[in-house]
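Colleague: model the following, please.
(one chain, ligands or ions: 1)
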Amino acid sequence: RRRNVHLPPGPKPLPLLGNLLDMPKSEVHVTFRDWANIYGKDLMKVEMPGETMYVISDKKVMVDLFEGRSVIYSSKPTFTMAESSGFKNGIPLLPYDSRLKTSRRLLKQGLSPAAVRSYYPYINNRAALFLETLNEKPDDFVRHFTRMAGHTALKIAYGYEGVTEDDRLLETAIQAMEYFATVVSPGKWLVDSLPILDRLPSWFPFAQFKRIQNQSKPVVYETITRPFEEVKRHLARGTADGSLSSYLLQSEKSDPELEDAIKWAATSVFLGQFDTTTATLSWFTHAMVKHPEAQKKAQEEIDRVVGHDRLPEIEDRDSLPYVNAVLKEIFRWQPIIAMLPRASSQDDEYNGYFVPAGTYMLANIWAVLHDPEVYPEPEKFLPERHLKEGTPDPLDVAFGFGRRVCPGMQVAQSQTFETMASMLATFDLRPAKDAHGKEVMPETKGIDSLINFPVPFKCTFTPRSQAAMELVHRCAEHARSLPDRLERWSD
Ligand code: HEM
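Modeller: Now for the predicted structure:
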């Protein structure tokens, strides 16, 4: 019926196996970029057993489809493995249906610009407490990032206090996130391409995936239910503060389905925040250790603009263009989500190519952010490129597009900016030394997972001065003395 309409080009598939044998073990986004340079950046067809993927490596096509034709391209592929592991109602996995639209509406209210501004004082204070723990136990810096982001996420989502060293809620959530990263792994689980396998009993030989599902479910259930029930108890007693879930429970009409959507909206804030923030701040630390010249420039800017009598705050972002350029370059150089999965929900045609309903669309945002024609020498960490007029803003790509754009992007940018600027104001970040006193530069390599973390590395955090540490203690003391309530700002 469709004359002059073709399927997109791609590497030659084998019968049944498709391109499975051509797939690399790691850094799939790099291989897809290389293939796109041969077969086409707009749409490229990659065949997997039971699934045909269209890979997009061009920003204009992403914008055309995900924003211009968002009614067709805002759905998600079915992740059977993740759904049966307890994440069925998780917002990132929802198809584009009425449940998703309700969830996005709730998140829009809960993370509105005014709501996010109401979190600023809390995020600023958390940074001061973080710096104090960093000074006490510098080797545990990644763990401190996770606890700071986890604490902030619990506060925003539930108004929850008291994350202590052995806090079960945070530990359970970390476990849930680990399960999420395992079970949402495009191409890893045969059951995603052959959903009928999901009916196998867990005792069945080779049904290891069923056992993972059974282990994940109670962990996910506890993560979504326990803090939410606590909020409802606080609301009944009149002691709840302005957290996202207490605000939504009060402002929305009482209805079990809506309550379930609020519960999952709060969970998605909680789970959406701490791994992404930890990974971004880990790459920032890595970049500063390897690029002392960029670190020095950022510190000079902070010293000049903010001075030495206070810590930088989120509100200083516009006055610190170089630090802001460092932030942009981190999100460009090491996007923590390299590829975005989407699905088309009806037949379509683009640039002469046929896109059948239900096609698995994969946006290679890493390829866009590493395009040498847009970002010369893309492998290099060069914050200066963002100070040049006309350089496309990587933040427009790193947080996704259209109706599925990351709803937490303002929170994410606020917390990462505040933490980066405060660390630079008070510490020098340097490579660790070996037994002979020689500096050991960390290798720039990501671990192979859903979220792009750097491989573990060592470094040192040296206080920039005695006065800087006194400032940290003063600010941390002040943060501890404040009432820990979130007061909601009105829109
Ligand atoms: C460092 C930071 C972060 C990055 C780089 C990031 C990036 C992304 C990306 C690329 C998407 C997919 C967008 C798309 O498909 O077009 C996404 C979705 C999402 N993010 Fe984030 N994110 C970050 C932090 C956060 C935070 C702090 C929250 C919560 C407060 C959050 C909540 C979510 C949720 C709920 C979704 C699913 C939205 C949907 O499917 O409709 N993220 N994020």
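
Colleague: flag the shaky bits of the stretch 351-491 of the chain, pLDDT-wise.
Modeller: 483-491 (pLDDT under 70).

Colleague: show me what from it comes close to the ligand.
Modeller: Within the stretch 351-491 of the chain, the residues that sit near the ligand (C-beta under 6 Å from any ligand atom) are 398-401, 404-408, 411-412, 416. In this view, the C-beta of every residue, glycine as well, is placed from N, C-alpha and C.

Colleague: the stretch 51-200 of the chain now?
Modeller: Within the stretch 51-200 of the chain, the positions lying close to the ligand (C-beta under 6 Å from any ligand atom) are 91-92, 104.

Colleague: by mean pLDDT, flag the weakest helix or strand of the chain.
Modeller: Of all regular secondary-structure elements in the chain, judged by mean pLDDT, DSSP states H and E, the least confident is helix 190-193 with a mean of 83.

Colleague: which residues touch the residue positioned nearest the centre of the chain?
Modeller: The residue lying closest to the centre of the chain (C-alpha atoms, centre = their mean) is T276, at 3.5 Å. Counting by C-beta atoms under 8 Å, 6 or more residues apart in numbering, T276 touches 336-337, 408, 412, 451.

Colleague: same thing with Q175?
Modeller: So Q175 contacts V219 (C-beta under 8 Å, 6+ apart).

Colleague: and the strand or helix carrying it, how far out from the chain's middle?
Modeller: For Q175, the host element (DSSP states H and E) is helix 168-183. Relative to the mean C-alpha coordinate of its chain, helix 168-183 is positioned 14 Å out (C-alpha atoms, centre = their mean, to the nearest Å).

Colleague: what residues does S70 make contact with?
Modeller: The contact partners of S70, taken as C-beta under 8 Å, 6+ apart, are 402-403.

Colleague: how close does it get to L320?
Modeller: S70 is 34 Å from L320, where distance means C-beta to C-beta, to the nearest Å.

Colleague: rewinding a little: pick the one among the contacts of T276 closest to the ligand.
Modeller: Nearest to the ligand among those is G408, at 2.1 Å by C-beta to the nearest ligand atom.

Colleague: is there a neighbour count for Y353? I'd like the number.
Modeller: The local packing of Y353 (other C-beta atoms under 10 Å) involves 18 other residues.

Colleague: what of S245?
Modeller: By other C-beta under 10 Å, 30 other residues sit near S245.

Colleague: that one looks like it's in a helix, true?
Modeller: Yes - when DSSP: H, G, I helix; E, B strand; the rest coil is applied, S245 is found to be in a helix.

Colleague: residues contacting stretch 458-469, please?
Modeller: 134-135, 138-139, 141, 285-286, 289, 299, 308, 423, 425-433, 440, 442.

Colleague: need the buried ones from these selected in PyMOL.
Modeller: In PyMOL, a selection of the buried entries from the contacts of stretch 458-469 looks like this (16 or more other C-beta atoms under 10 Å):
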select buried, resi 134+135+138+141+285+286+289+299+423+425+426+427+428+429+431+442
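
Colleague: any buried residues in stretch 237-256, and which?
Modeller: So stretch 237-256, judged by 16+ other C-beta under 10 Å, has buried residues 240-249, 252.

Colleague: and stretch 372-383, by the same measure?
Modeller: 375, 378, 381-383.

Colleague: so which of the residues of the stretch 351-491 of the chain next to the ligand comes closest to Y179?
Modeller: Set against Y179, the nearest of those by C-beta to C-beta is G408 (20.1 Å).

Colleague: the top helix by length along the chain: what's the following helix or strand?
Modeller: What stands out as the longest helix in the chain, according to DSSP state H, is helix 256-290. Next in sequence after helix 256-290, counting helices and strands by DSSP H and E, comes helix 292-305.

Colleague: could you give the average pLDDT over that following helix?
Modeller: Average pLDDT, helix 292-305: 98.

Colleague: so where's the stretch 151-300 of the chain shaky on pLDDT?
Modeller: Across the stretch 151-300 of the chain, residues meeting the criterion (pLDDT under 70) sit at 161-166.

Colleague: and the residue of it nearest the ligand?
Modeller: Closest point on the stretch 151-300 of the chain to the ligand, by C-beta to the nearest ligand atom, is G272, at 2.7 Å.

Colleague: ok, that residue - contacts?
Modeller: Residues in contact with G272 (C-beta under 8 Å, 6+ apart) are 92, 153, 406, 408.

Colleague: now render those residues as TSV, adding neighbour count.
Modeller: Below are the contacts of G272 laid out as TSV (neighbours: other C-beta atoms under 10 Å):
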residue	neighbour count
P92	19
A153	26
C406	19
G408	22
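
Colleague: let me know the closest of the residues you listed to R211.
Modeller: P92 (23.9 Å).
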